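Novice: Provided below are the primary sequence and the corresponding predicted coordinates.
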Amino acid sequence: MLEVQRLEATIHQSLPPHANIVTLYRTYETPEWLFLVLEYCPGQDLYYWLEQAQDTNGDLTALSSPHASGTSTPLSDADGTPPSPSLLASTAGTALLSRRRLKLISKMFRQMCEAVQFCHDRGISHRDIKPENFIVEDRRGEAEAEAGQEDEDGFSSSRVVVKLTDFGLATAEPHCRDFDCGSKPYM
């Protein structure tokens, strides 16, 4: 098991710093454990961020962690895995299509694509792209973001930052025969 974790760390550390990839600073190893010292990213994974997103009259409300709001997200079973990735199925179509929401989603998706492209340009395939492997740092409530640094639609590219994480299934092999990877609900 440590060998697999060492490979994850080696691949992750081979990436130069990027604004949309969680940085792995250092590793520490004992005979039984491998510890990863990662960049601190205050936020939550994209799955839960999307699940909590609300759009009221075209305005995106500030999103907080489930711990801060006192609410929690139901888990699918006793092992604590999240429910299937159909979280948008119960959302009304018009709520998904407001101009502000689409603009924000577009900016977030661009960051996700930039992170994946950065990996691919360096010969690394993540192989487990899913909302749970992106961390969303929602800085829309911070004072510096409200100091007039917004574009014409009221957004600042630095206000919501999306970072790719979890390189446990990543490979640097150009042709990999290991097809048993990814997360089953997303396959």
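Specialist: Cool, the structure landed.
Novice: Can you show me the strands along the protein?
Specialist: Taking DSSP state E as the test, the strands found in the chain are 24-29, 34-38, 44-45, 55-56, 59-60, 134-138, 160-164.
Novice: Can you add mean pLDDT and give those back as JSON lines?
Specialist: Formatted as JSON lines, those follow (pLDDT from 0 to 100):
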{"stretch": "strand 24-29", "mean pLDDT": "96"}
{"stretch": "strand 34-38", "mean pLDDT": "96"}
{"stretch": "strand 44-45", "mean pLDDT": "93"}
{"stretch": "strand 55-56", "mean pLDDT": "41"}
{"stretch": "strand 59-60", "mean pLDDT": "47"}
{"stretch": "strand 134-138", "mean pLDDT": "93"}
{"stretch": "strand 160-164", "mean pLDDT": "95"}
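Novice: Tabulate these (TSV), appending mean neighbour count.
Specialist: Any C-beta I mention is one placed from the backbone N, CA and C, and that applies to glycine too. TSV is the format used below for the strands of the chain (neighbours: other Cβ atoms under 10 Å):
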stretch	mean neighbour count
strand 24-29	13
strand 34-38	14
strand 44-45	20
strand 55-56	14
strand 59-60	15
strand 134-138	21
strand 160-164	21
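Novice: among these, which is nearest D121?
Specialist: strand 160-164 (13.5 Å; Cβ to Cβ).
Novice: What is the closest one packed up against?
Specialist: helix 99-121, strand 134-138 (3 or more Cβ pairs under 8 Å, 6 or more residues apart in numbering; DSSP states H and E).
Novice: which one of the ones you listed has the most crowded surroundings?
Specialist: Of all the helices and strands packed on strand 160-164, strand 134-138 carries the top mean neighbour count, a mean of 21, counting by mean count of other Cβ atoms under 10 Å.
Novice: in the chain, which ranges drop under the pLDDT threshold?
Specialist: 54-96, 142-158, 178-180, 182, 186-187 (pLDDT under 70).
Novice: At which residues are the helices of it located?
Specialist: Ranges of helices in the chain, per DSSP state H, are 2-13, 46-52, 66-69, 93-96, 99-121.
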